[in-house]
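Engineer: Pasted the sequence and its predicted model underneath.
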Amino acid sequence: MFFEIEDNEVDIVIAALRPDLTAFFNGWRTIFSRFHLIIIKDPDLEADLQIPPGFDHHLYTKSDIERVIGSSPIKFSGHSCRYFGYLVSTKKYIISIDDDCLPLQDDSGNLTDAVAQHLTNLGTPATPSFFNTLYDPFRQGADFVRGYPFSLRNGVQCVLSSGLWLNIADYDAPTRAVKPHEKNTRYVDAVITVPSRALMPVSGINIGFDRRVLGPVLVPALRLKGVGKQRWETMEDIWCGMCAKVVCDHLGLGVKTGLPYVWRNGSGNAWESLKREWEGVKLMEEIVPFFQSVKLPRTLTAAEDCVVQIAGLVREQLGPVDPVFGLAADAMEEWIKLWKTFEFERR
């Protein structure tokens, strides 16, 4: 049931937040050299990027972003610049890898191919309606367990592959502050489908997705107020991840998590992050119940229309809670306008 994804169907999007990318690209050379790369330079980064030769890439800078989006209020600074790459890509699939990540080495010292694993996840069905206790039944050497309904064994299309990482654990600032030396060293050789109606945090640090299906949902919407240059873009990731999961459940599409892993280096100062993140930590207590309650009309069959519908619910139900939610709803609607414009130009 696996279908092959060709290299020319894939863009790798890299958010460049540091000027010297030599070690990053050399570390990924044997993997990235097969693909076209979209590199988005953080508009707030003044120094020139150092990119070693030998890669098929397109670099977008602050002037490119301003020229393309015009007067759009959407901000593509910091980690959020990766979303601009999603917008301008013309390929069917996108792999997003941050510039502080490197490929893992196995016990023999060979690099593990994270891109190939993402494409494997996207090229095999997902099983969100009924959990298989041996994880991904489509993996070589695995199958459906006793009692799994045969009527559900074809699965559904997988449109999002959410990878993980070793070394720096994906903790929020409060957890990092009380566990400053804790690292993620547990490599779990497994892939699972996230069950239907179950939400999850998603990070653009290491993901793969079907751009044509899910691209409109990966929206840079929710930004905390008053953060200025001290941003916490992870709130945008969490927000669009919940949007993506709600839309996937509504459209009967699948999300996988687990493999592939990458090795992640930097994470910043936990106490400084705590000052910026606390507003987001509090807002999560409003955000999660909201997304758990979202019910979309059956008449909506396109991801773009789902995002607009969710934006209206955000403005109505969360807008009175905090003004940032009204701004998020505006950004979601603006993003769909941008997306549709680019889709029209690509035809």
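Structural biologist: Happy to help now that I have it. Numbers count the residues shown, from 1 in each chain.
Engineer: just the helices in the stretch 151-300 of the chain please.
Structural biologist: 173-178, 211-214, 234-251, 270-293 (DSSP state H, counting those that start in this stretch).
Engineer: Against which helices or strands is the first one packed?
Structural biologist: Secondary structure elements in contact with helix 173-178, counted by 3 or more C-beta pairs under 8 Å, 6 or more residues apart in numbering; DSSP states H and E, are helix 270-293. The way it works is simple: take the backbone N, C-alpha and C, and place the C-beta from them, glycine included.
Engineer: Report the inter-axis angle for the helix it packs on versus helix 234-251.
Structural biologist: 20 degrees (axes from the mean of the first three to the mean of the last three C-alpha atoms, to 10 degrees).
Engineer: need the next SSE after helix 270-293, C-terminal direction.
Structural biologist: Following helix 270-293 in sequence order, the next helix or strand is helix 303-313 (DSSP states H and E).
Engineer: could you pull out the strands for the protein?
Structural biologist: For the chain, the strands defined by DSSP state E cover 10-16, 36-41, 56-60, 93-97, 101-103, 158-167, 191-193, 206-210, 254-264.
Engineer: how about low-confidence regions in the stretch 1-150 of the chain?
Structural biologist: 1 (pLDDT under 70).
Engineer: ok, back up a step: of all the helices of the stretch 151-300 of the chain, which one is nearest residue 34?
Structural biologist: helix 211-214 (18.1 Å; C-beta to C-beta).
Engineer: State the mean pLDDT of that closest one.
Structural biologist: For helix 211-214, mean pLDDT is 96.
Engineer: which helices and strands does that helix pack with?
Structural biologist: strand 158-167, helix 234-251.
Engineer: sorry, back to before: make a markdown table out of the strands of the chain and add distance to residue 2 and mean neighbour count.
Structural biologist: Output for the strands of the chain, formatted as a markdown table (distance: least, C-beta to C-beta, whole Å; neighbours: other C-beta atoms under 10 Å):
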| stretch | distance to residue 2 | mean neighbour count |
| --- | --- | --- |
| strand 10-16 | 16 | 25 |
| strand 36-41 | 23 | 23 |
| strand 56-60 | 26 | 15 |
| strand 93-97 | 15 | 26 |
| strand 101-103 | 22 | 22 |
| strand 158-167 | 11 | 24 |
| strand 191-193 | 13 | 23 |
| strand 206-210 | 15 | 24 |
| strand 254-264 | 13 | 22 |
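Engineer: What sits closest to the residue most central in space within the chain if chain neighbours are left out?
Structural biologist: With distances taken as C-alpha atoms, centre = their mean, residue 204 lies nearest the centre of the chain, 3.2 Å away. What sits nearest to residue 204 in space, not counting adjacent residues and going by C-beta to C-beta, 6 or more residues apart in numbering, is residue 96, at 4.8 Å.
Engineer: For the one you found, name its beta-bridge partners.
Structural biologist: residue 13, residue 207 (DSSP bridges).
Engineer: Look up the pLDDT of residue 324 for me, please.
Structural biologist: On the pLDDT scale, residue 324 gets 89.
Engineer: before we move on, what about the one 10 residues further on?
Structural biologist: Per-residue confidence for residue 334 comes out at a pLDDT of 95.
Engineer: likewise the one 10 residues further on?
Structural biologist: Confidence per residue is given as pLDDT, and for residue 344 that number is 65.
Engineer: again with residue 282
Structural biologist: Residue 282 is given a pLDDT of 82.
Engineer: about what we covered before: I'd say the residue nearest to residue 204 and residue 203 touch.
Structural biologist: No. Residue 96 is beyond contact range of residue 203, at 9.2 Å (criterion: C-beta atoms under 8 Å).
Engineer: how about a markdown table for the helices and strands packed on helix 211-214, with distance to residue 6 added?
Structural biologist: Below are those laid out as a markdown table (distance: least, C-beta to C-beta, whole Å):
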| stretch | distance to residue 6 |
| --- | --- |
| strand 158-167 | 17 |
| helix 234-251 | 24 |
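Engineer: Would you convert those into a markdown table that also reports mean pLDDT and distance to residue 263?
Structural biologist: Output for these, formatted as a markdown table (pLDDT from 0 to 100; distance: least, C-beta to C-beta, whole Å):
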| stretch | mean pLDDT | distance to residue 263 |
| --- | --- | --- |
| strand 158-167 | 96 | 6 |
| helix 234-251 | 92 | 19 |
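Engineer: Out of these, which gets nearest to residue 331?
Structural biologist: Between the helices and strands packed on helix 211-214, helix 234-251 lies closest to residue 331; by C-beta to C-beta that is 9.2 Å.
Engineer: Please identify the buried residues of that closest one?
Structural biologist: Neighbour-count burial for helix 234-251, counted by 16 or more other C-beta atoms under 10 Å, picks out 234-251.
Engineer: Tell me what angle it forms with strand 254-264.
Structural biologist: Using the same axes, to 10 degrees: helix 234-251 against strand 254-264 is 150 degrees.
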